[in-house]
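*Asks:* Show me the folded form of this:
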Amino acid sequence: MSFFNKFFSKEKKEDLDKGLEKTKSNFFNKLTKAVAGKSTVDEEVLDELENILISSDVGLETTVKIIERIEGRVAKDKYLNTSELNGILRSEIVSLLAENNTIDLEEFTLPTTEKPAIIMVVGVNGVGKTTTIGKLAHQYKKQGKKVVLGAGDTFRAAAVDQLKIWADRVGCDFYSKGMHTDPAAVAYETTEYAIKNGCDVALIDTAGRLHNKINLMKELTKIKNSIDKKLGGAPHEVLLVLDATTGQNAIEQATHFTNATDVTALALTKLDGTAKGGVAIGISDQFKIPIKYIGVGESIDKLQIFNKQAFVDSLFEA
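*Replies:* Model (predicted):
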């Protein structure tokens, strides 16, 4: 509890606990049944634990890695009580997240000290990409930063209007060339606007492309190059937004997007609506890309910085 007192407000802790409620209920119910009547962690318990982790969408590769680590502890200690299993599993997951570039931040920070910071946001339709942009803009505005939103999703009906609504709601600048225009040109000109108008940060939306459309995915590279042409070294962050409710499909999407562009950070949305929150562990492990934000509710202030210690503490808290 001391960790939360130091880094998390009571409200944020409650939001995180509520957001993980379905995941932890699903996980602990199964884990309790797995160790019922058992006094030691044997092969049968480990097999059950493997099934539980996979069914919680941790992913096969990451699950195998966790099981192997626990097997190592069992071999070393010879006798491992089932009552110790939670603590060991907890520490191994924290260790795994620590190895994979997930850094515990205390506040919403920009990816560079340069001005303006350019953040390109990618992800398929329906994952909460535009909403995440709006919530992130809100957090930066609260810090007194000058923010511009660039409407680079020029193909989806009402996408430009949706982003404009968020800009008005947050009270930040907005740049658009309208529907059916070149998204790479929008990205270039949004960057230009941010430079000329002294913005601290530009958040550039992109079309929610289907991850199996190769030519459309290639366009992300074109957009990224367009930004870099206007401001060398930008974008400073490519944020991939994934929907936690899709479980393993989120990992598949991450595979395609990381192949298409240099994704540098992840945002995992809709954790409050799923029992598949374990996907956060698998994604972090498999892609070595830090999860930076998690969505734990619909309202504007329900975007949280992902903190591995807080996440695991909440997940294992009865």
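*Asks:* Only C-alpha atoms from now on, for both contacts and neighbour counts.
*Replies:* Will do.
*Asks:* Can you tell me the centre-most residue of this structure?
*Replies:* Central residue of the chain (C-alpha atoms, centre = their mean): residue 267, 2.4 Å from the mean position.
*Asks:* Regarding it, what is its secondary structure?
*Replies:* Three-state secondary structure (criterion: DSSP: H, G, I helix; E, B strand; the rest coil) places residue 267 in strand.
*Asks:* residues touching it, list them.
*Replies:* Contact partners of residue 267, counting by C-alpha atoms under 8 Å, 6 or more residues apart in numbering, are 239, 240, 241, 242, 291, 292, 293, 294, 295.
*Asks:* residues near the last one, how many?
*Replies:* Applying other C-alpha atoms under 10 Å, we find 29 other residues in the vicinity of residue 295.
*Asks:* Equivalent analysis for residue 76, please.
*Replies:* Counted with other C-alpha under 10 Å, the burial measure for residue 76 works out to 10 neighbours.
*Asks:* Kindly report the same for residue 37.
*Replies:* Residues within reach of residue 37, counting by other C-alpha under 10 Å, total 9.
*Asks:* a strand runs through it, doesn't it?
*Replies:* No - the assignment for residue 37 is coil, going by three-state DSSP, so no strand is present there.
*Asks:* The closest residue to residue 236 other than its chain neighbours bridge partners, please.
*Replies:* Nearest in space to residue 236, with sequence neighbours left out and distances taken as C-alpha to C-alpha, 6 or more residues apart in numbering, is residue 118 at 5.5 Å. Beta-bridge pairing of residue 118, defined through DSSP bridges, involves residue 202.
*Asks:* So residue 118 sits against residue 199, correct?
*Replies:* No - the criterion here is C-alpha atoms under 8 Å, and residue 118 misses it with residue 199 at 9.8 Å.
*Asks:* In which helix or strand does residue 69 reside?
*Replies:* helix 60-77 (DSSP states H and E).
*Asks:* Averaged pLDDT, the very next helix or strand once past that helix. What do you get?
*Replies:* The first helix or strand that comes after helix 60-77 along the chain, using DSSP H and E, is helix 85-99. The average pLDDT for helix 85-99 rounds to 84.
*Asks:* re earlier: helices and strands around the helix holding residue 69, which ones?
*Replies:* helix 43-55, helix 85-99, helix 279-287 (3 or more C-alpha pairs under 8 Å, 6 or more residues apart in numbering; DSSP states H and E).
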